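Enquirer: Okay, here's the prediction I keep looking at, along with the sequence it came from:
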Protein chains: 4
Amino acid sequence: MQFETHCINKRIYYHDTDCGGVVYYANYLKYLEEGRTEYFCNKGVDLRTLSNNNFWFVVKSINVEYKSPVRYQDEIRICTSIDKIGNASIKFHQIITKDDVIVLEANVILVCVGIDFKPSPIPTQIKSSLLK
Amino acid sequence: MQFETHCINKRIYYHDTDCGGVVYYANYLKYLEEGRTEYFCNKGVDLRTLSNNNFWFVVKSINVEYKSPVRYQDEIRICTSIDKIGNASIKFHQIITKDDVIVLEANVILVCVGIDFKPSPIPTQIKSSLLK
Amino acid sequence: MQFETHCINKRIYYHDTDCGGVVYYANYLKYLEEGRTEYFCNKGVDLRTLSNNNFWFVVKSINVEYKSPVRYQDEIRICTSIDKIGNASIKFHQIITKDDVIVLEANVILVCVGIDFKPSPIPTQIKSSLLK
Amino acid sequence: MQFETHCINKRIYYHDTDCGGVVYYANYLKYLEEGRTEYFCNKGVDLRTLSNNNFWFVVKSINVEYKSPVRYQDEIRICTSIDKIGNASIKFHQIITKDDVIVLEANVILVCVGIDFKPSPIPTQIKSSLLK
């Protein structure tokens, strides 16, 4: 199965950078979160409704390769797609670019958990929305 | 009534700074939060217990005067005292210094709220701990 | 003299919130920075060019009144205008709203500084761009 | 060659958490930075001196396995050691625990770069300090 790619754009401000003059390495994880949230939204999956029903997606693992730096007021593009949907987990592949140059590449595994933070099967409705 | 002053020390890391080479102006508000939390702890007030009882202190207003910049790996000192305790609010005065030079001065008003985010009298036990 | 108001919209993600369930009070200062930067851009003032010429605007003081909370996936609007331009300083007035309800109101004074972090007259070209 | 492990402790505040009630996944990368910086300090390596000489360590890749959540006012311990030192890179292994339970495990590769952000051999003096 081939999943769609969904992209968002973002501009870099002072609060994104550090005194090395470039974007701080942890801040990219915020943009990756935004990319995944918009991916879900775009497929009609509302993470608020999910959490009201006591389901959450939490990050199980992340693997990031940093390729080139980003500076103040640069424009970046965050593209998100799904590699694989398991019983309780989703594997995302995300790429950030600036002017078509790769800034970073990330593999992120989310796990669906219940209120006890234990893995729980992804609700069928969510799964079918993502597979649509 | 004269309230005590309680101080904590903190070291500055990359994540605290921005590409201007100094600590980002919003990050100081995190250190001020840490200072107030440690002030409460020091008086025996546990904000977790408070929130388990559906009371929270939220920031109503903040006034910050930035006096001199702070850089990577500087050591700062955050000193917190109370100016006034009202029925549902507490007015804090906080000063951050670096090597005895004033970095910033802040006045922060917290309001005690219930689960509806509406002001609620500060529980008597909390008040008496703070006045001790 | 009457200055224009310039507004931007923003969506709230997990990284904006804290365990109180609402946006963390320091994070609003990031959105206020974004609002001011876009205000400058909109008037043709490029802060990067300014910093390449060894001028920076730094925050001298900030006064924020927090009026109502914002939650995950809310949409907010940050509106920025100028109250007054002095020799070396600019006084901004900023309002954040959510569905026309005021979230917060802020007065922010920026000072133009040189490489020594000492106040320096705002370059004439910048001033005339802002007054246009 | 066996490298030492160096540990620091840290307390969790509101600004570390998100509305899921736990520490936000990107914030752990800040603590990992603090752990590595203190590791360097402990070996007598001052990253400020290094950057004054136009050398920086930048993150090339990061691999994080999140094992269990951390909450407001929890105390965590960040332990850092080195797996391997290459010509221009250092591979760190870092573990965060809470009450002896593993919170996360991370592998982080830093690369030494010059002012052009291109890899550059680690200065001999730094290398010998780390190997001491």
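Expert: Arrived safely, thanks for sending. Numbering: from 1, shown residues only, chains lettered A, B, ... in the order given.
Enquirer: any residue of the lengthiest helix in chain A up close to chain C?
Expert: For chain A, the helix reaching the highest residue count under DSSP state H is reported as helix A:27-42. Yes: with CB under 8 Å from any CB of the partner chain as the criterion, chain C is reached by helix A:27-42 at A:K30, A:E33, A:E34, A:T37. For the C-beta atoms, the positions are set from N, CA and C on the backbone; glycine is no exception.
Enquirer: Restricting to those, which residues neighbour chain D?
Expert: A:K30, A:E33.
Enquirer: would TSV of the residues of helix A:27-42 next to chain C with distance to D:V108, neighbour count and pLDDT be doable?
Expert: TSV is the format used below for these (distance: CB to CB, whole Å; neighbours: other CB atoms under 10 Å in any protein chain shown; pLDDT from 0 to 100):
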residue	distance to D:V108	neighbour count	pLDDT
A:K30	18	20	98
A:E33	20	21	98
A:E34	23	19	98
A:T37	26	20	97
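Enquirer: Name the residues of the helix or strand of chain A with the lowest mean pLDDT that come out as buried.
Expert: Lowest mean confidence among the helices and strands of chain A (mean pLDDT, DSSP states H and E): helix A:47-52, at a mean of 90. Going by neighbour count (16 or more other CB atoms under 10 Å in any protein chain shown), the buried part of helix A:47-52 is A:L47, A:L50.
Enquirer: May I have the residues that are in contact with the nearest residue to A:S120 once chain neighbours are set aside?
Expert: Nearest residue to A:S120, sequence neighbours excluded (CB to CB, 6 or more residues apart in numbering or on different chains): A:G114, at 4.3 Å. By CB atoms under 8 Å, 6 or more residues apart in numbering or on different chains, the contact list for A:G114 reads A:N54, A:F55, A:S120.
Enquirer: From these, keep the buried residues only.
Expert: Those of these that meet the buried threshold are A:F55, A:S120, by 16+ other CB under 10 Å.
Enquirer: and stretch A:36-56, how far apart are its ends?
Expert: Using CA to CA, to the nearest Å, one end of stretch A:36-56 lies 13 Å from the other.
Enquirer: which outside residues touch that stretch?
Expert: So stretch A:36-56 is contacted by A:6, A:8, A:57, A:80-82, A:92, A:94, A:108, A:110, A:112-115, A:120, A:123, A:126, A:129-130, A:132, C:13-14, C:72-73, D:20 (CB under 8 Å, 6+ apart).
Enquirer: what about it, distance to the chain center?
Expert: Distance, stretch centre to chain centre, for stretch A:36-56: 12 Å (CA atoms, centre = their mean, to the nearest Å).
Enquirer: Next, give phi and psi for A:N53.
Expert: phi -90, psi 20 (degrees, to the nearest 10).
Enquirer: residues near it, how many?
Expert: Neighbour count of A:N53, defined by other CB atoms under 10 Å in any protein chain shown: 10.
Enquirer: ditto for A:R36
Expert: What A:R36 shows, counting by other CB under 10 Å, is a neighbour count of 24.
Enquirer: Which pLDDT value belongs to it?
Expert: A:R36 carries a pLDDT value of 98.
Enquirer: Equivalent analysis for A:P121, please.
Expert: Listed pLDDT for A:P121 reads 96.
Enquirer: so how far is chain C from it?
Expert: Per CB to the nearest CB, to the nearest Å, A:P121 is found 22 Å from chain C.
Enquirer: quick one, what contacts that residue?
Expert: A:N87, A:A88, A:C112.
Enquirer: what's the closest non-adjacent residue to the first one?
Expert: Closest residue to A:N87 in three dimensions, ignoring its sequence neighbours and counting by CB to CB, 6+ apart: A:P121, at 5.4 Å.
Enquirer: Next, the residue located most distally from the centre of chain A: secondary structure please.
Expert: What lies farthest from the middle of chain A is A:C19; by CA atoms, centre = their mean that is 25.9 Å. Under DSSP: H, G, I helix; E, B strand; the rest coil, the three-state class of A:C19 is coil.
Enquirer: hang on, it packs against B:Y13?
Expert: No: here A:C19 does not reach B:Y13: they are 9.8 Å apart, not a contact under CB atoms under 8 Å.
Enquirer: can you list residues touching both of these two?
Expert: Here A:C19 and B:Y13 share the contacting residues B:Y72, scored by CB under 8 Å, 6+ apart.
Enquirer: Grab the most central residue of chain A for me.
Expert: A:R36 (3.2 Å).
Enquirer: and the residues of helix A:27-42 next to chain C as TSV, adding distance to D:I102?
Expert: Compiled in TSV, those are given as follows (distance: CB to CB, whole Å):
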residue	distance to D:I102
A:K30	24
A:E33	23
A:E34	28
A:T37	28
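Enquirer: Report the two of the residues of helix A:27-42 next to chain C separated the most.
Expert: For the residues of helix A:27-42 next to chain C, the farthest-apart pair by CB to CB is A:K30 and A:T37; their separation is 10.7 Å.
Enquirer: any residues in contact with both of the two?
Expert: C:Y13.
Enquirer: I figured A:Y14 hits C:L32, correct?
Expert: No: contact between A:Y14 and C:L32 fails when scored by CB under 8 Å: they sit 11.2 Å apart.
Enquirer: Comparing these two, which shows the higher neighbour count?
Expert: Neighbour count, other CB under 10 Å: between A:Y14 and C:L32, C:L32 has more, with 24 against 20.
Enquirer: Leaving aside the residues adjacent along the chain, what's closest to that one?
Expert: Per CB to CB, 6+ apart, closest to C:L32 is C:Q94, 5.3 Å.
Enquirer: residues touching the one you found, list them.
Expert: C:L32, C:G35, C:R36, C:I78, C:C79, C:T80, C:S81, C:E105, C:A106, C:N107, C:V108 are the contacts of C:Q94 under CB under 8 Å, 6+ apart.
Enquirer: and those residues, which of them are in helices?
Expert: Mapping the contacts of C:Q94 onto helices (DSSP H) picks out C:L32, C:G35, C:R36.
Enquirer: can you tell me how far the second one sits from C:A106?
Expert: By that I understand C:G35. Going from C:G35 to C:A106 by CB to CB, to the nearest Å gives 9 Å.
Enquirer: Which one of the two is surrounded by more residues?
Expert: C:G35 (25 against 22).
Enquirer: And the pLDDT for A:M1?
Expert: pLDDT at A:M1 comes out at 66.
Enquirer: At the contact with chain D, which residues of chain A appear?
Expert: Those residues of chain A that sit near chain D, judged by CB under 8 Å from any CB, are A:20, A:25-27, A:29-30, A:33, A:51, A:56, A:58-66, A:68-69, A:117.
Enquirer: ok, 6 Å please
Expert: Contact residues, chain A versus chain D (CB under 6 Å from any CB of the partner chain): A:20, A:25-26, A:29-30, A:56, A:59-66, A:69, A:117.
Enquirer: For chain C, state which of these is nearest.
Expert: Nearest to chain C among the residues of chain A next to chain D: A:K30, at 4.3 Å, using CB to the nearest CB.
Enquirer: What about the nearest residue to the closest one once chain neighbours are set aside? Give its phi and psi, please.
Expert: Using CB to CB, 6+ apart and skipping the chain neighbours, the partner closest in space to A:K30 is C:H15 (4.3 Å). Torsion angles at C:H15 (phi, psi; degrees, to the nearest 10) stand at phi -70, psi -10.
Enquirer: Please report the distance of C:H15 from B:V23.
Expert: Taking CB to CB as the criterion, C:H15 is separated from B:V23 by 19 Å.
Enquirer: what are the ranges of the strands in chain A?
Expert: Assigned by DSSP state E, chain A shows strands spanning A:5-11, A:56-66, A:75-85, A:89-98, A:101-113.
Enquirer: Okay then, goodbye and thanks.
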